[in-house]
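Colleague: mind looking at a prediction? Sequence and model below.
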Amino acid sequence: MSSSWGQAFRIHTFGESHGGGVGVVVDGCPPRLAISAEEIQHDLDRRRPGQSRLVTQRDEADQLEILSGLFEGQTLGTSIGMFVRNKDARPSAYDHMADVYRPSHADFTTEAKYGIRNWQGGGRASARETIGRVAGGAVARKLLATVANIEVLAWVSKVHQVEADVDLETVTLADVEADPTRCPDPTAAAAMTTAIEDARRAGDSLGGVVTCVARNVPAGLGEPVFDKLDAELAKGALSLPAAKGFEIGSGFGATDMTGLEHNDPFVPGPNGTPVTTTNHSGGVQGGISNGMDVVFRVAFKPTGTIASAQNTVTRAGEPTVLAAKGRHDPCVLPRAVPMVEAMACLTLADLYLRQQQMTVLE
C-alpha cells in the first residue's frame, strides 16, 4: 500500500482512525524556511472534527506534535516528522459493523484486495488519514508563500442543490471562515446550513462541490505529457476521501462552448509578459501553468455512513440491514476545504521545486 505523495516535495502519511494516532513525514522541504507549530495547527484546526454542529461531534483537539526537522523556528532541510494522537477514539462503536460491509465504503474492496481490513472506523480509508496531508500541506503552503507569494484558497461552492455566488478574484480567507459551512456567500451559506441540518435529522447525508483558486502561480509549472499540472492536481484531489469528480477552468462547461468562445486571448501584461483576457483554461495550458490563477473544482459524494437503514450483506454473504451508529459528518464539505487546499499546496510545491531543479542550457 502506497502512502506517499510527490517527488521533490514528498509526504509519507501513516496512522488509522481508531489507532494510537496519525501523522506525516515531510521530505524535500528546503532548509531555513521559517514556520511555526501554530501555523500548521491553524490548518489542522480547520480540518478537525467537532468544530461546529454541521460536522461530526467526535471530540478531537488534533494537537500537533513536531517530532523532528524544525529548530529555532526554521526547517533544517531534514525529514519533518509530525504526529497527532487520537484522544476520542471509540472503536467499540463499530462492533456491529465488524462482519458487515457498509454501503459505498471501502470495507468490501479493501478486504477483496488485502484479505484483511480494520473495521474500526475504516482504518486507512478513514478521512482521519487526511490529518497528515493537511499538516504537510501547511508546510507546503508556507514554502509557496515564501518563495513565490503563491496563495491557495478554497471554499464550499455547492451543497446538494444550493449553489453559491462567489467572486473568484476578491474572495478572502476571512470570507470563507465567516460561516461554519465555509461558504463565503451568506445567503447560500444559510440555505446550506438548513439543508445539512435537515439531512442529519432525516438520517441522511449530502454532497457538494469545493472550489479552489491558486493565485500568483508563475508560468512554467507542470510538464507537457504525464505530469501535467492539471493531471497532478486531479490525482491529488481525487485521492481525497469521498471525492468523485474534478474539473479545471471551464471543465465540463467547455462542451457547451465553441473554440472561439473558449479560447483565452493573449494581451501584453506587466513587463511584456503575456496574460489572457479570460481564464477558461483555469490557468493551465498544455499541462503547464500560464501565469493566470489556477482554478479548479472538486465534487464530493454524500457521506456514506448514515443513520438510516440500508440493505447490505455480511462477510459470509448473508443479506442484512445496517443502520450506522456513532459520530459522522452529515456533509463532508466544510471539513473538505482545508483538505483540498492541502493537496493543491503539496502539488504546487512539488512542481515548483522540480522546476527549480531543472537545468536549462543557454
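Modeller: Arrived safely, thanks for sending. Since we're looking at a predicted model, the values are computed, not measured.
Colleague: give me the nearest residue to G222, chain neighbours excluded.
Modeller: L229 (2.9 Å; Cβ to Cβ, 6 or more residues apart in numbering). Quick note: C-beta positions are derived from backbone N, CA and C, even for glycine.
Colleague: how much space separates the residue nearest to A219 when sequence neighbours are not counted from S281?
Modeller: Excluding its sequence neighbours, the residue lying closest to A219 (Cβ to Cβ, 6+ apart) is G291, at 3.9 Å. For G291, the distance to S281 equals 11 Å [Cβ to Cβ, to the nearest Å].
Colleague: before we move on, back to that, so the residue nearest to A219 versus V152, what's the distance?
Modeller: Using Cβ to Cβ, one obtains 16 Å as the distance from G291 to V152.
Colleague: neighbour count for those two, which is higher?
Modeller: A direct count of neighbours by other Cβ atoms under 10 Å for G291 and V152 places V152 higher, at 25 against 17.
Colleague: what's the neighbour count on the residue nearest to G222?
Modeller: Using other Cβ under 10 Å, L229 is surrounded by 27 other residues.
Colleague: that one: what's it in contact with?
Modeller: Listed by Cβ atoms under 8 Å, 6 or more residues apart in numbering, the contact set of L229 reads L221, G222, V284, G287, I288, S289, V294, T347, L351.
Colleague: repeat that for 6 Å
Modeller: L221, G222, V284, G287, S289 (Cβ atoms under 6 Å, 6 or more residues apart in numbering).
Colleague: how about these in TSV, adding neighbour count, pLDDT and secondary structure?
Modeller: Shown next, in TSV, are the contacts of L229 (neighbours: other Cβ atoms under 10 Å; pLDDT from 0 to 100; DSSP: H, G, I helix; E, B strand; the rest coil):
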residue	neighbour count	pLDDT	secondary structure
L221	26	98	coil
G222	26	97	coil
V284	24	98	strand
G287	17	98	coil
S289	26	98	strand
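Colleague: can I get those residues in CSV with distance to T273?
Modeller: Putting those into CSV (distance: Cβ to Cβ, whole Å) gives the following:
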residue, distance to T273
L221, 15
G222, 18
V284, 17
G287, 20
S289, 13
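Colleague: quick check, nearest of those residues to Q310?
Modeller: Using Cβ to Cβ, V284 is the member of the contacts of L229 that sits closest to Q310, with 39.7 Å.
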